[in-house]
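Chemist: coordinates for the following, if possible.
(one chain, ligands or ions: 1)
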Amino acid sequence: MPENLPAADPSRRLQAIQVEESCLDLPLTRQIVARAGNLPVEVVADRPDPAPAPVPYPHSLTAGKRLLHLGRNRGRFLKPCPATRQYRCCDYQVLNIGANCPMDCAYCILQAYLNNPWLSFYVNIDDLLDELDQALAGTPGTLHRIGTGEFTDSMALDRLTGLSATLINYMARKNNAVLELKSKAVVLDHLADLDHRGRTIMAWSLNSAEVMAKLELHTADLETRLNAAAQCAAWGYPLAFHFDPIICHPGWEEAYRATIRRLFAVVPASSIAWISLGAFRFLPALRGIIGSRFPRARFIHEEFVPGLDGKFRYFRPLRTRMYQVLLDELSRGAASRTCIYLCMENDTIWQAVFGFTPEERGGLPAMLDATLPPS
Ligand code: SF4
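Modeler: Below is the predicted model:
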């Protein structure tokens, strides 16, 4: 591990880079390889099959997370968030910059979602920007909320890729889009002097200190994330936080309240655009994967009920209680303009937690859009 990189930068965990042959001369490939210093670089065929691993998937993930594969996205970069129509969703759009993550959260849904172990990043960035240009120019009256943190962590590889600076500069010139960069890492060096015009929201996932320490391996700890957020607020970035997944564990009520108290002690509430709450939910295949990769994890052995989207969730009374507890503590410190919302829940739970449904406030997308600075 390189000595001079902060522990909160997960790119320090990489051990090797693979480059698809046709991408070798792309400018971004060259920059990444140069920034990677002494990491070994192997040139491989375009679209290679996963190299035979000494252990099968998902056990190969542990080693795969240390191999960065640089290739070309041959499909679309921008897609609607894979939400489910049975639950209230926020109309997010996913900018697909790569897949997998060098950090290792026991509950990570990507373990069941992906089928190869390595960490991939798309280097045909000009194609990504062209596609964004077309999407935004084609719908000038629509505000697009775009995030890169669906199939990977937005900032985990940023020291090498520099992608966030490119996207922040791009979004600063657009009046009908905002970007959310969501992370459990802290990689800030290149964000200080950017003219972001408030069009990029810097976001961190938060959890109880116990969940962060035991289930979120190789991530930044709570204080590091909060100090980074405070720094971004000082640079004028809007902020967001995601309590997702909320996990039932002994003492969870006080543990989540303690995290929220630290949040408002460190971060200016007036800088926070939105805060989401989402109770732990998972695809059925994830239970066996967690059991085999994290055999000491107890949280997967709670009682769950299948939801309308095929994912397992806690029973409704427990979910409702979780949201009520977190909302109670958040309400003590949150600014009135901050939108606190539930991720992928139905109107019954919204009504029980907030006393209203998103429809009564114009819909969740409108509630989120109202928190943003005027373009
Ligand atoms: S940081 Fe996010 S993407 Fe990375 S392992 Fe954890 S949950 Fe998965």
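Chemist: what kind of secondary structure is Trp204 in?
Modeler: Secondary structure, DSSP: H, G, I helix; E, B strand; the rest coil: Trp204 is strand.
Chemist: for it, which residues count as its bridge partners?
Modeler: With DSSP bridges as the criterion, the beta-bridge partners of Trp204 are Ser183, Phe241.
Chemist: cool, Ala177 as well?
Modeler: His144.
Chemist: what's the burial count for Glu42?
Modeler: Using other C-beta atoms under 10 Å, the number of residues around Glu42 comes to 11. Where you see a C-beta, it was placed from the backbone N, CA and C, and this is true even at glycine.
Chemist: next helix or strand past the helix or strand hosting it?
Modeler: Element membership of Glu42 [criterion: DSSP states H and E] is strand 41-44. Using DSSP H and E, the helix or strand that directly follows strand 41-44 along the chain is helix 61-64.
Chemist: thinking again about what came up before, buried residues, the strand holding Glu42. List them.
Modeler: For strand 41-44, a neighbour-count test (16 or more other C-beta atoms under 10 Å) marks Val41 as buried.
Chemist: now swap in stretch 278-287 and tell me
Modeler: Gly278, Ala279, Phe280, Arg281, Phe282, Leu286.
Chemist: the nearest residue to Gly333 once chain neighbours are set aside and Arg257, how far apart?
Modeler: With C-beta to C-beta, 6 or more residues apart in numbering as the criterion, Gly333 has its nearest non-adjacent residue at 3.3 Å, and that residue is Phe264. Going from Phe264 to Arg257 by C-beta to C-beta, to the nearest Å gives 11 Å.
Chemist: and the helix or strand of the chain with the lowest mean pLDDT, what other elements does it pack with?
Modeler: Taking mean pLDDT, DSSP states H and E as the measure, strand 78-80 is the helix or strand of the chain with the lowest mean score, a mean of 88. Packed against strand 78-80 by the contact rule (3 or more C-beta pairs under 8 Å, 6 or more residues apart in numbering; DSSP states H and E) you find strand 93-95, helix 125-138.
Chemist: how far away from the center of its chain is that strand?
Modeler: How far strand 78-80 lies from its chain's middle: 15 Å, per C-alpha atoms, centre = their mean, to the nearest Å.
Chemist: kindly report the same for stretch 91-108.
Modeler: Distance, centroid of stretch 91-108 to centroid of chain: 6 Å (C-alpha atoms, centre = their mean).
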